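1. Okay, here's the prediction I keep looking at, along with the sequence it came from:
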Amino acid sequence: ETGVTQSPTHLIKTRGQQVTLRCSSQSGHNTVSWYQQALGQGPQFIFQYYREEENGRGNFPPRFSGLQFPNYSSELNVNALELDDSALYLCASSLVQDIGELFFGEGSRLTVL
Amino acid sequence: QKEVEQDPGPLSVPEGAIVSLNCTYSNSAFQYFMWYRQYSRKGPELLMYTYSSGNKEDGRFTAQVDKSSKYISLFIRDSQPSDSATYLCAMIKSGGYQKVTFGTGTKLQVIP
């Protein structure tokens, strides 16, 4: 059983650019969610996908968007990057019926200059 | 005011000590409670999960939920240097999707 994998692990962008982060869910999991974790803070919920549809969103602007593919892999896209977008972006996969039992990847650390 | 409050620490204890970590929350809609452990440069991993008020034990770890006081705790017995990590309380409101609300996290250091 493979765990949740994310790529890239680190990246540096400049303000105004766009970024795509990728996640491969744990085998058998049908739900993927994305979290943003700023330094010294807990993760903040961005959105969740189930059966390729977004079914929940946190307080993030529309320039944060995502996709879930039939093989349960996922992407997080952020447009018009701002300095405050610098953070660790975590992908978590789960089964929709197992409330709260999230399996996290190691994250993608984004630095916006 | 944040929905979930957690003392960020850091908390430093000697090996073998009993550790108590706590969170308070303001919204009674929270019904599911978890503790995650996060090692440096890693993603969080689920330690304990509980739905009801009361205690739940798993090895050296005990999770306690008091819904009437909106207060949750995690106790670690016989703490080990390998327990050094950031501990995040987390909770979910009833109904809807799995939006997990996390605390800030408490950084714990267990000194040999």
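-> On my side now, so go ahead. Numbers count the residues shown, from 1 in each chain, chains lettered A, B, ... in the order given.

2. rest of the way, CA atoms for contacts and neighbours
-> OK.

3. contacts for stretch A:59-76?
-> A:20-25, A:29-32, A:34, A:45-46, A:49-53, A:77-80 (C-alpha atoms under 8 Å, 6 or more residues apart in numbering or on different chains).

4. Could you list which of those residues also contact chain B?
-> residue A:45 (C-alpha under 8 Å from any C-alpha of the partner chain).

5. From the contacts of stretch A:59-76, list just the buried residues.
-> Neighbour counting by 16 or more other C-alpha atoms under 10 Å in any protein chain shown classes A:21-25, A:29-32, A:34, A:45-46, A:49-50, A:52, A:78 among those as buried.

6. which residue ranges form the strands in chain B?
-> Using DSSP state E, the strands of chain B run over B:4-6, B:11-14, B:19-25, B:30-38, B:45-50, B:54-58, B:61-66, B:71-76, B:85-93, B:101-102, B:106-111.

7. can you list the residues of chain B near chain A?
-> B:32-34, B:41-46, B:49, B:88, B:91-92, B:97-105.

8. Let me know which of the strands of chain B is the nearest to residue A:88.
-> strand B:30-38 (12.7 Å; C-alpha to C-alpha).

9. any weak-confidence spans in the chain?
-> Answering for chain A, as no chain was given. A:1-2 (pLDDT under 70).

10. oops, chain B please
-> Across chain B, the ranges flagged by pLDDT under 70 are B:96-97.

11. Mind doing that once more with 80?
-> B:1, B:52, B:94-98 (pLDDT under 80).
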